[in-house]
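# I'll drop the sequence and a predicted model, then ask my questions.
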Amino acid sequence: NKAAIGLIGLGTMGSALALNIADNGYKIAVTNRTVSRVSEFINDAGELSEYLIGCDDIESFVASLQTPRAIIVMVPAGKPFDDQIEALKPYLDEGDTLIDAGNTNFHDTRRRDAELAADGFRFVGMGVSGGEEGARFGPSIMVGGPEESFKPIEPIINAIAAKYEGDPCAAHLGPDGAGHFVKTVHNGIEYADMQLIAEVWGILRDGQGKSAAEVGALFDRWNEGELKSYLVEITGKALGATDEATGKPVVDIILDRAGQKGTGRWTVIEALGLGQSASTIEAAVGARSWSAAKDVREAGAEILAVQPEGGPQVSEEDLADALLAARILAYAQGFDILTAASETYGWDLDMARVAEIWRAGCIIRSALLDDISAAFRGELPKGRLILAPAFAKRLVNGSAALRRVVASAAMNGQATPAFSAALAYFDTMRTARGTTDLVQAQRDFFGAHGFERVDQEGGGFHGPWALSAEDMNVSR
Ligand code: 6PG
């Protein structure tokens, strides 16, 4: 009576996934580098232990699996992961599938996919979102790899995934690194949305003197309307929570220095590499990096002290409308990166399906995603979400509020990097004739780079400037 699937690595996420699989009636073999964790895990599993086969070593673990085997590897990314694959290989047979369900850089997934395929093994790079609770009770699952590698495990993956009106939030999205790439961009959007929410908190706390409880209640209300989303929901709850030791709001005793494990940064790096700019996501990644320089900010509070001119504070309604507009722009930038990557890597990503499997289980699940998938299935001018009728209308309607939020924050000296980036992107994209005419002139002036003309076909035109020693000295 062998196991349908195996899992190596009983950390937080690995344990939760294993219990989820067992809970869905599949027998699963588990093992862990620190062997004592295996019996501990089985003992804690209660009734589910009848679906678990605990193994103390790789050999017995592999032997306890049905063939062809499917093994989820949940060990830390990087070298430990490659080492684990090497340790497994001698026990595997051709056609066995290894599954990476961690937050892995898709370049590593592509490399491993090619290496394992050359050895006759199969590899599935699977992005899993929803944190520990999601992994245990229903995450969103973004699958990449050869379709035939996914087919045998598809019933298990669909069973453990979150359901949106009965539809499993899991899909095979494309070959090799497609799943991990989509998960990376999901996290990039997550960073942007979290930063936008934090900027709203800053405006209300520092600009309007609101308490954590008051702002928490506002987020609770917003979660009833168009802003309904997991992140708005947990923000309301987090702001409403009290620190037991001090009796203060928890948020007031948390140091304002945010960490990051890499996925947000990878999103920005990949965006730039693909000739895109995910400016709202970049603002969010940058804001976390700036937050780390706490000592510099403390010194800056003295050395750079300045009394801003000030200006009217914005209404709660404006903040809600601005948050919705900026959130749409962040999603749109994320989907633009996916579009560019899909073309570059030949993934043929189905954007509507990506939006659909984000509707439940994942961290960025929100009321917008249903409309986003509908927009991708319908008319999408120039392939851009911001131009889809449903979103263009919301952006146009929300733009005045977005503008007031950014202007008010600027006048009152409050940093809103993500809102500002969102507004700049919106204004750039509705400006048919921008200002890079002058950048082109400058490039041609100092580097003879050539430019295109508005009145003739082709490129390589030059301005009436001849490079001379005198020109090069103009600014001396
Ligand atoms: C999810 C989360 C999850 C996690 C990331 C981001 O989708 O479940 O994105 O993967 O929170 O590790 O963490 P950092 O903020 O530390 O980069």
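It's in.

# do a quick rundown of the helices in the stretch 251-400 of the chain.
Taking DSSP state H, counting those that start in this stretch as the criterion, the stretch 251-400 of the chain carries its helices at 263-273, 279-292, 294-303, 316-345, 351-357, 368-377, 389-411.

# of all those, which one is nearest the ligand?
helix 263-273 (5.3 Å; CB to the nearest ligand atom). C-betas here are computed from N, CA, C, even on glycine.

# by mean pLDDT, point me to the weakest helix or strand of the protein.
Within the chain, no helix or strand scores below helix 469-472, which has a mean of 60 by mean pLDDT, DSSP states H and E.

# would a markdown table of the helices of the stretch 251-400 of the chain with mean pLDDT be doable?
As requested, these are exported to a markdown table (pLDDT from 0 to 100):
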| stretch | mean pLDDT |
| --- | --- |
| helix 263-273 | 98 |
| helix 279-292 | 98 |
| helix 294-303 | 97 |
| helix 316-345 | 98 |
| helix 351-357 | 98 |
| helix 368-377 | 97 |
| helix 389-411 | 98 |
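
# how is the chain partitioned into domains?
Domain ranges of the chain: 5-176, 184-429, 436-472, per automatic domain parsing.

# now tabulate these in CSV and tack on mean neighbour count.
Listed next are the domains of the chain as CSV, based on neighbours: other CB atoms under 10 Å:
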stretch, mean neighbour count
domain 5-176, 19
domain 184-429, 19
domain 436-472, 11
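
# dump the ones you listed into TSV; add distance to the ligand as well.
What follows is the domains of the chain, written out as TSV (distance: least, CB to the nearest ligand atom, whole Å):
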stretch	distance to the ligand
domain 5-176	3
domain 184-429	4
domain 436-472	33
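
# Leu17 contacts Ile156, doesn't it?
No: Leu17 is not in contact with Ile156 according to CB atoms under 8 Å; the separation is 10.4 Å.

# contact partners of stretch 404-418?
The contact list for stretch 404-418, computed with CB atoms under 8 Å, 6 or more residues apart in numbering, reads 192, 195-196, 199, 202-203, 206-207, 280, 283-284, 286-287, 306, 308-314, 318-319, 322, 326, 330, 419-420, 423.

# need phi/psi at Gln66.
Phi and psi for Gln66, reported as degrees, to the nearest 10, are phi -60, psi 150.

# and the pLDDT at it?
At Gln66, the predicted lDDT confidence score is 97.

# what of Ser475?
53.

# switch to numbering from 562
Sounds good: first residue 562 from here, last item Ser1036.

# contacts only, for the nearest residue to Asp754 once chain neighbours are set aside.
Distances taken as CB to CB, 6 or more residues apart in numbering place Leu792 nearest to Asp754, at 5.4 Å, with adjacent residues excluded. Contacts for Leu792 (CB under 8 Å, 6+ apart) come out as Glu751, Asp754, Met755, Ile758, Ile924, Ile925, Ser927.

# now with 10 Å?
Residues near Leu792 by CB atoms under 10 Å, 6 or more residues apart in numbering: Glu751, Asp754, Met755, Leu757, Ile758, Phe780, Asn784, Arg888, Ile924, Ile925, Arg926, Ser927.

# which strand or helix spans it?
According to DSSP states H and E, Leu792 maps onto helix 791-801.

# with just CA atoms, put that helix into PDB.
Extracted in PDB, the C-alpha atoms of helix 791-801 (Å, rounded to 0.1, in the frame of the first residue of the first chain):
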ATOM      1  CA  TYR A 791      -7.300  39.600   1.700                       C
ATOM      2  CA  LEU A 792      -4.700  42.300   2.300                       C
ATOM      3  CA  VAL A 793      -7.300  44.900   3.200                       C
ATOM      4  CA  GLU A 794      -9.000  42.400   5.400                       C
ATOM      5  CA  ILE A 795      -5.800  41.500   7.400                       C
ATOM      6  CA  THR A 796      -4.800  45.100   7.600                       C
ATOM      7  CA  GLY A 797      -8.100  45.900   9.400                       C
ATOM      8  CA  LYS A 798      -7.400  43.000  11.800                       C
ATOM      9  CA  ALA A 799      -3.800  43.900  12.300                       C
ATOM     10  CA  LEU A 800      -4.500  47.500  13.100                       C
ATOM     11  CA  GLY A 801      -7.200  46.400  15.500                       C
END
